[in-house]
Structure formats: C-alpha cells, structure tokens
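Okay, sequence plus prediction incoming.
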Amino acid sequence: MPTQPAEQRASSGAGEGGAVARALLTSRQGERQALQEHGNAAGGKTAERLAALQRRLAALEASVQNQEDASSTAPRVRTLTAVSARSAVEADYLQAWRERLETVGNAWYPRASLRYGLYGTLRLRVLLRSDGSLESVKLLDSSGYAVLDEAALKIVRLAAPYAPFPPALRAKADKLEIIRTWDFAPTGG
C-alpha cells in the first residue's frame, strides 16, 4: 500500500486520531511559515549586508584610484647618502655637489669657529629639483653650536643653484634628497 505524506494522512484522519493529525499538520505548517518568514527576514538582512558591502567596496575602489592618481603625479624622490649612491651617475652627481659646497664653504667658513675653536659634526637634509634648484634644506642633527649649524645652512643656500640632473638621473628621479654629514674640523691636523 502506497504511503501518503504525513500532511495528507493528517488531513484525511477522523476522530481523535484525526485531531492529533490536524494538530501535527498545523504544527508543520506553522514551522514552514516560520521558516519562510525567517528566510525572508534573513534574506532582507543578507540583502542589506550585501548592499553595505557593495558600498564599502565602491568606496575602497575610489580610494585606491585616488591614491593611484596622486602617486602618478607625485614627484619621484631619490634619497642619496654617501653610502647609497649606487650608480656611477648618482656617485658623480653627489661628488660634484660636494665639491661645489666645499668651494663655497671654504669662502664662508665661520670665522668664529676658527677664533674660538668651535668644531663639530652636523647632518643636513637637502632637497634639490631636477633643474638643480634648491627646494629645501633642513638641519637633522645639530653640531651643538648654532654658529656652525647656521653656517652649514647658509653655505647650502649660497651654493645653489646646483648642476641640473644628468639625463640618466632625471630618468630615475624628479628630486634628489641628499642627506649629508658635515664635519667642521681644524685643518692641517
């Protein structure tokens, strides 16, 4: 004898057994209805979450695009120190820059340093544009003597403009950041 689904058996039952069957049917229909309502509510929550995630993704994509746009227009800055000048072009440019500073520095060496025996070491950060013009100079580490610190800053400013970047260097950078240690020391000694 073929079996009927529980709901059909429940609806065809009579008497007390039929009442139990109807209660079972009502209970199953209630469960189904509750599941559907929960599914709709969950579906609504899922749709809301999906929409929120899509908005967040769009915002992140816009942010990345803005950063890419900014980085494509930002100048390429190459940092050079005596140790980091890897290529011959960088080393040659740094050497010519240093020689220019020494020439100007010898003419503008602080007399007070000689008179009072003020000597020391300081560090500067110099930022040059590709045309050789000076963008900025900043004292990173003081010598401990304001007269020496100011003399170093003045020498960098007076020596500007420097030589334009050679083509090979210009291909790598729009600006050069040169970090250099200066040593104001007695000569001949």
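Alright, I've got the coordinates.

Now do the buried residues in stretch 137-148.
For stretch 137-148, burial by neighbour count (16 or more other Cβ atoms under 10 Å) applies to 137, 143, 145, 148. C-beta coordinates here come from the backbone N, C-alpha and C atoms, glycine included.

Quick check: chain neighbours aside, which residue is closest to the last one?
Once flanking residues are discounted, residue 148 sits nearest to residue 184: 5.0 Å by Cβ to Cβ, 6 or more residues apart in numbering.

Same question for the first one.
Spatial nearest neighbour of residue 137, chain neighbours left out: residue 156 (4.6 Å); criterion: Cβ to Cβ, 6+ apart.

can you check residue 174 too?
residue 75 (3.8 Å).

Please enumerate the helices of the protein.
Remark: helices assigned in the chain by DSSP state H are 6-12, 15-73, 88-107, 111-116, 146-159, 167-170.

how about the shortest one: buried residues?
When neighbours are counted by 16+ other Cβ under 10 Å, the buried residues of helix 167-170 are found to be residue 169.

what's the domain layout of this structure?
Per automatic domain parsing, the structural domains of the chain span 6-70, 77-184.

weakest of these by average pLDDT?
Looking at the domains of the chain, the lowest mean pLDDT belongs to domain 6-70 (a mean of 62).

Nearest residue to residue 98 in space, ignoring adjacent ones along the chain?
Looking at residue 98 with Cβ to Cβ, 6+ apart, the closest residue is residue 180, at 7.6 Å.
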